[in-house]
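Peer 1: Here is my input, please return the structure:
(2 chains)
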Amino acid sequence: MRRVVVTGLGAVTPLGLGVKAYWSGLASGTCALRPLTVIETESFRCRIGGEVPEAVGGSWRRTRADRLAIAAADEALADAGLGEPERQGAALVVGAVGGGMLEAEAWYWAASRGRRARALPAVRSMLPCAHADTLAARFRLGGPRHTVVTACSSGAVALAEAAALIEAGVAETALAGGVDSITRICFMGFNALKLLDPAPCRPFDRDRRGMSIGEGAGFVVLEEETRARARGARVYAELAGYGMTTDAYHVTAPEPDGEGMARAIQAALAQAREEPAAVGYANAHGTGTPQNDRVEARALERVFGEGGLLVSSTKSMIGHTMAAAGSLEAIATVLALGHRVVPPTANLDIPDPEVHFDCVARVSRESAVDCAISNSFGFGGQNVTLLFRRR
Amino acid sequence: MSAPVRVVITGVGVVNAAIVGDSAALGAFLAAPRPASGVAEGGVARVPSSVLPGLIDAGDARRLSRVCQLSIAAARLAVRESRIDAGGGLGLVIGTEFGDLASTHVFADGFLERGPAGLSALLFPNTVMNTMAATTAIAVGARELTLTLNAPTVAGELAVARGAAAVASGRARAVLAGGVDEIDPVVERHLPDLGFGGDTLGEGAAFVVLESRATAEARGATILGEIAAATWRALPARPWGVGRQRRSQAVTAALDHAGIAAEDVGAVYGSASGDRARDAWEAAVLGAALGASTPPVARLARLLGRHAGLGVLRVAAAAWTARSGLLPAAGAPPTGLTRVASPTGLVHGLARGGAHVALVVGGP
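Peer 2: Numbering: from 1, shown residues only, chains lettered A, B, ... in the order given. You can find the predicted model right below:
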């Protein structure tokens, strides 16, 4: 059996550029949700979100999302020490939702108001698959390439897809992750659904009122273990299992009993050949909406029972970074295993009595966890669980 | 080591400008190929407005966007033909190039015209490209893995390749793999900006039901064809550009996996859509991969217009060629039929930017 390990990490988040800034912010429970500046928020009830605070490198002719992706991918590839020969056959799987929609919106807004605007750059970069072509050309990645769009679980699905390619022997190495910049359509859409909390989101809090949107990019380098060891790569963790299921219930609402989510968790456990008791930490999807958090807790309870498992939500600190969420949360999970520290759920004051888990309120927790899961769910009932194990 | 899982096709569903139905309807079209209405006039191949009301009930028609209706209609046709029980475990992989951009424009227009009060909570989910997969999964009860793959030109072929891989690996008992696109006026207007000026455009959906041969035989399903190999790779190219490299790892890997030589390929279904630079690159890649033995190449986009559904249709068509020994649209004019020397077909997709798919398809 071919084992898949993580050998490189890259992150650009509202907590700053780079994995170091990301982990430092997570471990200290820093909430990076603040008034949005990249889009106009006047006349909306919610006006905050998780925005990448610093200028990321790259040409300004590229879309914001492409620049986020390039920065995170660059860090992951450098971290893994992947040279030109390894990159030539490396697979690339990108999870994306908005693509270059931020710039396409600006063009569409301007054109609709009768202003002159150049269509070509906007149209060229609008589709989610634009990121993969950009990254492949930039980093000379010549292996299999595809773009997955599974709404808010896209980043996690990208990792699962890349792992599948390595397990099948199609590739030895892969760059995988997700990216999204804040867009007007996303912000307006969640406002229209009344799913945004005007204040920073409070996942698993009794009084939570919704989510906060965010942006970012998270990429990892995955490799077949023996090959990674042979080249002396640092192994962060093993991606030992993953499960992908569908609720087939409702386009935006999760199946109320969490059955589909539970099947995804069980599939990840089965592939990793782990019992539920082996899992010490769950990085939850944890959006902060009343319904989603409750259903996720039910799913966790179906698999793990009440109690022992530590659960926390990265979104409480960086917001819901859409297609990047699954990969950034996977990185948080890997770092938690490595540092033996479980990051907290920020803004959690009064635990929801219906959530029967320790949700690590506000302060991170030292914990010798050897096995952890990262849950990601999306519109369309798209459930994904990644299981990481210390190696 | 266990024997490799053989992946077969047990159902086909097609809804486009010229074909509505299952494998029989597809076969009838392929046996007498003709340009779809619209294409013949040098325009685009649109699905006639009379088609969907016969396939989608009034309630769904009210709730669902047009591209979701196209997807559901074709998916149901494929599931019906295969007689598969989704409750036994069914995955769903959909390829699309443009998703539901029409709804995205309407959603944005609502805001531009009326501010926040003009935003529709019902339309917002359609702005996410997996909306067709979400609604189709509900419609057919697909509860295993669901993926939406976005790629120019090759999204449909990629969906079939990914679906076949899921079945072959044992991740899914069966997968409904499809492609769907709708012509959006804004996209249509700006496609020439992307280099697609010469493309014959189309819209519609096509699905195939994929499952292991053992599963299909055990339940007594009619096998329409076999996916002997499905690979996807990439060739170097700038985003939206065409490359120069001709050596195809995708075709080589597909032939290797299928255990055949280039000269065993009797027919090719290519992307060829009228984008001259891309078409020339594809022809060069095929020439390098298949050498002097390059068999006749079917160019269905000239009849049905390029859309993600066409990539899936090509796979089903290759299975028909394997059964019938006939290849449509390989000559000029594209309305003729060519008799093939071997039943094994290669379905080939190559996109601007370098995404590259190859599938080897055989008969039942």
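Peer 1: residue ranges of the helices in the stretch 101-250 of chain B, please?
Peer 2: B:101-114, B:131-140, B:155-168, B:185-190, B:213-218, B:249-258 (DSSP state H, counting those that start in this stretch).
Peer 1: Helix or strand, whichever it is, which one in chain B has the lowest mean pLDDT?
Peer 2: When the helices and strands of chain B are scored by mean pLDDT, DSSP states H and E, helix B:185-190 comes last with a mean of 79.
Peer 1: Kindly export it (C-alpha atoms) in PDB.
Peer 2: Only the C-alpha atoms of helix B:185-190 are listed here, as PDB (Å, rounded to 0.1, in the frame of the first residue of the first chain):
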ATOM      1  CA  PRO B 185     -24.800  35.400 -23.700                       C
ATOM      2  CA  VAL B 186     -22.000  37.200 -21.900                       C
ATOM      3  CA  VAL B 187     -19.600  34.200 -22.300                       C
ATOM      4  CA  GLU B 188     -20.700  33.800 -25.900                       C
ATOM      5  CA  ARG B 189     -19.800  37.500 -26.600                       C
ATOM      6  CA  HIS B 190     -16.400  37.200 -25.000                       C
END
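Peer 1: Wondering if that helix reaches chain A at all.
Peer 2: Yes: on the criterion Cβ under 8 Å from any Cβ of the partner chain, helix B:185-190 is in touch with chain A at B:V187, B:H190. Where C-beta positions appear, they are placed from N, C-alpha and C, glycine not excepted.
Peer 1: if we can go back for a sec, highest mean neighbour count out of the helices of the stretch 101-250 of chain B?
Peer 2: Highest mean neighbour count of the helices of the stretch 101-250 of chain B: helix B:155-168, a mean of 30 (counted as mean count of other Cβ atoms under 10 Å in any protein chain shown).
Peer 1: So what's the residue count around the residue nearest to B:G87 when sequence neighbours are not counted?
Peer 2: The shortest distance from B:G87 to any non-neighbouring residue, by Cβ to Cβ, 6 or more residues apart in numbering or on different chains, is to B:G141 (6.6 Å). Neighbourhood size, B:G141 [other Cβ atoms under 10 Å in any protein chain shown]: 14.
Peer 1: quick one on the thing from earlier: mean pLDDT lowest for which of the helices of the stretch 101-250 of chain B?
Peer 2: Here the helices of the stretch 101-250 of chain B differ in mean pLDDT, and the lowest is helix B:185-190 at a mean of 79.
Peer 1: Check which helices and strands it sits against.
Peer 2: If contacts are counted by 3 or more Cβ pairs under 8 Å, 6 or more residues apart in numbering or on different chains; DSSP states H and E, helix B:185-190 sits against helix A:119-125, helix B:101-114.
Peer 1: With just CA atoms, put the longest one into PDB.
Peer 2: Once non-C-alpha atoms are left out, helix B:101-114 reads as follows in PDB (Å, rounded to 0.1, in the frame of the first residue of the first chain):
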ATOM      1  CA  LEU B 101     -23.000  31.800 -15.200                       C
ATOM      2  CA  ALA B 102     -26.500  32.700 -16.400                       C
ATOM      3  CA  SER B 103     -27.800  32.700 -12.800                       C
ATOM      4  CA  THR B 104     -24.700  34.500 -11.700                       C
ATOM      5  CA  HIS B 105     -25.400  37.400 -14.000                       C
ATOM      6  CA  VAL B 106     -29.100  37.500 -12.900                       C
ATOM      7  CA  PHE B 107     -27.900  37.500  -9.300                       C
ATOM      8  CA  ALA B 108     -25.500  40.400  -9.900                       C
ATOM      9  CA  ASP B 109     -28.000  42.300 -12.000                       C
ATOM     10  CA  GLY B 110     -30.500  42.100  -9.100                       C
ATOM     11  CA  PHE B 111     -28.000  44.000  -6.900                       C
ATOM     12  CA  LEU B 112     -27.000  46.400  -9.700                       C
ATOM     13  CA  GLU B 113     -30.600  47.300 -10.300                       C
ATOM     14  CA  ARG B 114     -32.100  47.400  -6.800                       C
END
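Peer 1: now A:T252: how far from chain B?
Peer 2: To chain B, A:T252 is 5 Å away according to Cβ to the nearest Cβ, to the nearest Å.
Peer 1: what's that residue in contact with, if anything?
Peer 2: Going by Cβ atoms under 8 Å, 6 or more residues apart in numbering or on different chains, A:T252 touches A:L193, A:F379, B:P125.
Peer 1: Pick out whichever of those sits closest to A:Y236.
Peer 2: A:F379 (30.1 Å; Cβ to Cβ).
Peer 1: okay but A:T321 is in contact with A:T13, surely?
Peer 2: Yes: counting by Cβ atoms under 8 Å, A:T321 touches A:T13, with 7.2 Å between them.
Peer 1: list the residues that contact both of those two?
Peer 2: With Cβ under 8 Å, 6+ apart as the test, A:T321 and A:T13 both reach A:G50, A:G214, A:G216, A:G218, A:L328.
Peer 1: burial of the fourth one, as a residue count?
Peer 2: Neighbour count for A:G218, taken as other Cβ under 10 Å: 37.
Peer 1: repeat for B:S324
Peer 2: 17.
Peer 1: Do the longest helix along chain A and chain B come into contact?
Peer 2: The longest helix of chain A (DSSP state H) is helix A:64-80. No: Helix A:64-80 stays clear of chain B (Cβ under 8 Å from any Cβ), getting no nearer than 9.4 Å.
Peer 1: For that helix, which helices and strands make contact with it?
Peer 2: Here helix A:64-80 touches strand A:4-13, helix A:101-112, helix A:130-139, strand A:173-180, strand A:216-224, going by 3+ Cβ pairs under 8 Å, 6+ apart.
Peer 1: Out of these, the one nearest chain B is which?
Peer 2: helix A:130-139 (3.9 Å; Cβ to the nearest Cβ).
Peer 1: Buried residues in that closest one, which are they?
Peer 2: Of the residues in helix A:130-139, those buried by neighbour count under the rule 16 or more other Cβ atoms under 10 Å in any protein chain shown are A:A130, A:H131, A:A132, A:D133, A:T134, A:L135, A:A136, A:A137, A:R138, A:F139.
Peer 1: which among those are in contact with chain B?
Peer 2: Counting by Cβ under 8 Å from any Cβ, the members of the buried residues of helix A:130-139 near chain B are A:A130, A:A132, A:D133, A:T134, A:A136, A:A137.
Peer 1: Now do the residue nearest to B:S103 when sequence neighbours are not counted: how many residues are near it, please.
Peer 2: Nearest residue to B:S103, sequence neighbours excluded (Cβ to Cβ, 6+ apart): B:N126, at 3.6 Å. Residues near B:N126, counting by other Cβ under 10 Å, number 27.
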